[in-house]
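Peer 1: Provide a 3D model corresponding to the input given below.
(one chain, ligands or ions: 1)
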Amino acid sequence: MAHEEWLALGGKKFLCMPGKLTPLHEASLAARGQNYITHSDYYKTRYWALVRQAVLARDSATCFRCREPASYVHHLFYNFRGEDHLHPETLVSICGACHQIVEYARLAESLLTKIQRRISLCKGFLEDRQGCLDQNAAHVAARLLGYHDELAELEKLFATGTPYKNPRIQSAAEAEAMSERFRAEREAYDKRAMDLVFGWEGSEKERAEKLIPMLEVEIPKVEKFIAKVLEPILPSAERLEKNRQGYTVTKAKSNISGVEALVVGIKFHRGHTDGIVSGESVQLVREPNNAYDPNAIRVNLQTGETLGYLTKEFAAVFAKQLDAGEEIPAQVSKIVRGKVYVAVAAPSGAKSF
Ligand SMILES: [Zn+2]
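Peer 2: All right, here's what the predicted structure looks like:
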């Protein structure tokens with residue numbers, strides 16, 4: 001239904017553009033038969049209204065991050081915007097407060113793209129590839145320093161809980177002041193970069209090559225930050241208690257009401273999340289002799305294969321119950337970006353806490 005309306009609005013996949021295009025750009029898109037729509041117009045379409053409604057209904061209008069009531073729908077990433085109904089996994093319900101915070105994950109995502117692109121440009125320079133010839137050591141070093149600062153800035157904003165505000169340029173004077181600031185910043189980075197690579201021995205290429213591993217180490221740092229931003233706020237003991245007293249998690253494919261827990265250590269156990277589907281039952285197994293956590297609870301797939309472990313906070317809540325011989329039903333509730341969440345039935349008796 002939504003899709004038909006979407007097609008009626010103008011066709012297959014729209015290209016979403018941040019703002020109005022120049023006539024030249026518009027003409028070149030038209031020549032390629034590509035439709036486009038601005039971001040703000042996209043969110044005004046009836047198509048988006050329907051997608052949004054469906055996502056909120058799927059999630060019972062509960063924020064994926066803090067489990068408070070949600071009234072926004074957030075794109076985890078934009079790749080499928082314009083075909084959202086085909087990719088509901090890229091959309092999550094979110095509350096206003098979390099919405100302003102998770103924006104930092106998106107900014108980090110674009111930082112990641114910039115770093116990856118810079119690595120490929122730098123490699124292109126080493127191979128004399130067309131269009132990469134200006135990627136000399138000082139140029140790459142200046143960019144590297146910039147990425148470094150950009151991540152530090154995002155980390156600071158996130159750590160201080162600063163709500164993200166979309167910067168809107170209101171006047172020509174503001175635009176000019178901004179481009180002046182960028183120019184000054186670039187100059188400062190160029191200078192720092194010169195100081196950095198000045199003493200390095202070797203040819204221009206040898207010096208540029210040194211910077212590739214330095215760029216590469218930034219990647220896991222940014223990825224870690226993104227994961228931290230998107231990570232659900234772990235429930236405190238009080239929150240778990242509140243959940244138990246009547247708040248239930250209902251998911252599209254989950255029939256277990258209770259709390260949702262992140263499975264950790266997948267990387268070290270199963271290694272990947274291929275083949276795992278939401279709704280699939282998992283088994284919680286106590287590991288009283290675990291060297292790292294006496295409350296450790298392992299999460300097994302139906303096949304008996306180890307998926308990972310519950311986080312310490314959750315393990316502390318459920319360990320006693322399992323030790324008392326109770327079975328705790330659990331199933332996969334969602335899989336987001338290689339992270340698996342399980343819905344764990346809330347403890348039955350108050351004494352379990
Ligand atoms: Zn929230």
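Peer 1: Only C-alpha atoms from now on, for both contacts and neighbour counts.
Peer 2: Fine.
Peer 1: Apart from its neighbours in sequence, what residue is nearest E89?
Peer 2: Distance criterion CA to CA, 6 or more residues apart in numbering; nearest residue to E89, sequence neighbours excluded, is V336 at 7.5 Å.
Peer 1: quick one, phi psi at the one you found?
Peer 2: Backbone torsions for V336, taken as degrees, to the nearest 10, come to phi -130, psi 120.
Peer 1: Could you pull out the strands in the stretch 1-150 of the chain for me?
Peer 2: Taking DSSP state E, counting those that start in this stretch, the strands of the stretch 1-150 of the chain run over residues 15-17, 36-38, 72-75, 91-94.
Peer 1: Rebuild those strands as a markdown table, extending it with mean pLDDT, mean neighbour count and distance to A177.
Peer 2: Compiled in a markdown table, the strands of the stretch 1-150 of the chain are given as follows (pLDDT from 0 to 100; neighbours: other CA atoms under 10 Å; distance: least, CA to CA, whole Å):
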| stretch | mean pLDDT | mean neighbour count | distance to A177 |
| --- | --- | --- | --- |
| strand 15-17 | 66 | 16 | 24 |
| strand 36-38 | 76 | 18 | 25 |
| strand 72-75 | 92 | 19 | 31 |
| strand 91-94 | 91 | 24 | 35 |
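Peer 1: okay, now the residue nearest to E89: neighbour count?
Peer 2: When neighbours are defined as other CA atoms under 10 Å, V336 has 16 of them.
Peer 1: Can you pull the residues of the chain lying near the ion?
Peer 2: Counting by CA under 5 Å from the ion, the chain comes close to the ion at 63, 66, 95, 98.
Peer 1: so the second one makes contact with E231?
Peer 2: Which is C66. No. In this structure C66 lies outside contact range of E231 using CA atoms under 8 Å: 9.4 Å.
Peer 1: so which of the strands of the stretch 1-150 of the chain comes closest to V344?
Peer 2: Closest approach to V344 among the strands of the stretch 1-150 of the chain is made by strand 91-94 (20.1 Å; CA to CA).
Peer 1: Only alpha carbons, please: show the closest one as CSV.
Peer 2: Extracted in CSV, the C-alpha atoms of strand 91-94 (Å, rounded to 0.1, in the frame of the first residue of the first chain):
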residue,chain,number,x,y,z
LEU,A,91,14.6,2.4,11.2
VAL,A,92,14.1,2.6,14.9
SER,A,93,11.7,4.3,17.2
ILE,A,94,13.3,6.8,19.5
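Peer 1: What strands flank that strand, and is each parallel or antiparallel?
Peer 2: strand 72-75 (antiparallel) (DSSP bridges).
Peer 1: what does the partner strand contact?
Peer 2: With CA atoms under 8 Å, 6 or more residues apart in numbering as the test, strand 72-75 has contacts from 52, 55-56, 90-96, 99.
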